[in-house]
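> Take this sequence and fold it.
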Amino acid sequence: MVAVPQITLSNGVSMPAVGLGTWQSTPEEVKKAVRVALESGYRLIDTAAIYQNEEAIGEAVEQAIADGIVTREQLFITTKAWTHEFAPGKLEAALRESLRKLKTTYVDLYLAHMPTATAQDGSALDVTVEQVWQEFEHVYNLGLAKAVGVSNWNNDQIARVLKSGKVAVHNSQVELHLYFAQHDHHDFCKANNISVTSYATLGSPGRVHFKLPTGQKVEWAPAASDLEDSNVVAIAEKHHKTPAQVLLRYALDRGIAIIPKSITPSRIVENFQLFDFQLTQDEIALLESHKVNQRLFLQEFMAGHKEDAFPSER
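Residues are numbered from 1 along each chain as shown. Here you go, the predicted structure:
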């Protein structure tokens, strides 16, 4: 079995640097994907309450444990709380429900999926990130999560909870890829001993298939493809790798964790075959010589909320 690089969080918890992402994976799809991933050596599974597949993941993990493929202690399970679970007093029950679905007594990492608190209907609540973080400190102190962190928060919001809170922010999961490199955020997190996880590391080509719960497709702004970048393609040929593997390695070589999503067995395996090559600093510089810097996920529903993470980008 390949030894997966580990990232040590500020509280000493060890997190695999490569995991399986599960956004847009249906329950049936995700059960098969998790099985393939665990058999291939993955030990980190990333999900969220809003993905509506925690229960299927729990079943797949339970079966893999029963079959002797992995033990719970060898796994790192990340899930996230959605915005309507941030109202004061609601988070513990939300996490306990996720634990029930995941068939475990704890998660390894619990993230605030967004910084904006809302009511069940999505309307804004007058709740600050400091108040949200108090709820995460509570479930961490109960031992329901081995580590806690944030997702889609900006530097200022994280700085505020670092100043007000008693428990450190252990991880920040953000959109991060070659065409949205997030150097400022990464530098901020390094300065504050916060690990970073990249989502959309491949430029999220599958985002165009996303549908809202109503069945409506989301309209996405035109964007260049990271996978088709000429320097990515050339470096992939040089290393006898695919463009996807080069983009994943790009994040890894910056010390950033990755959670590529796939439901295709061959792609799941391919996304894990990253440990027999590295990019040189010259290759990274060449990759970053492009002129593209475009956020794909603007999280438009946050617009107008007092804790909107990206107001200057709207």
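> use CA for all of it now, contacts and neighbours both
OK.
> where along the stretch 151-300 of the chain do the helices fall?
Remark: helices assigned in the stretch 151-300 of the chain by DSSP state H, counting those that start in this stretch are 155-164, 183-191, 230-239, 243-252, 265-270, 281-287.
> closest to Gln294 out of those?
Distance to Gln294, taken as CA to CA, is lowest for helix 183-191 among those, at 13.0 Å.
> which of the residues in the helix or strand where Gly149 lies are buried?
Take DSSP states H and E as the rule and Gly149 turns out to sit in strand 148-151. Of the residues in strand 148-151, 148-151 count as buried by neighbour count, 16 or more other CA atoms under 10 Å.
> Tell me how many other residues crowd the closest residue to Val233 other than its chain neighbours.
Leaving aside its chain neighbours, Val233 sits nearest to Pro243 (5.5 Å; criterion: CA to CA, 6 or more residues apart in numbering). For Pro243, the number of neighbouring residues by other CA atoms under 10 Å comes to 22.
> before we move on, the earlier item: can you tell me which helices and strands the strand holding Gly149 packs against?
Taking 3 or more CA pairs under 8 Å, 6 or more residues apart in numbering; DSSP states H and E as the contact definition, the neighbouring helices and strands of strand 148-151 are strand 109-112, helix 129-141, strand 171-175.
> for the ones you listed, which one sits closest to Trp23?
For these, distance to Trp23 was read as CA to CA. The smallest value, 13.1 Å, belongs to strand 171-175.
> Go through the helices of the stretch 151-300 of the chain and pick out the most buried.
Burial among the helices of the stretch 151-300 of the chain, expressed as mean neighbours by mean count of other CA atoms under 10 Å, is greatest for helix 243-252, which shows a mean of 23.
> which other residues reach that helix?
Residues from elsewhere that reach helix 243-252 (CA atoms under 8 Å, 6 or more residues apart in numbering): 17, 177-178, 198, 201-202, 226-228, 232-233, 235-236, 257-258, 270-271, 273-274, 278-279, 284.
> how does it look with 6 Å?
Contacts to helix 243-252, defined as CA atoms under 6 Å, 6 or more residues apart in numbering, come from residues 227, 232-233, 236.
> re earlier: which one, of the helices of the stretch 151-300 of the chain, ends up nearest to His305?
Evaluated over those, closeness to His305 peaks at helix 155-164, with 13.4 Å, by CA to CA.
> quick one: the closest one to helix 129-141, angle?
Note on geometry: by axes from the mean of the first three to the mean of the last three CA atoms, to 10 degrees, helix 155-164 and helix 129-141 are set 60 degrees apart in direction.
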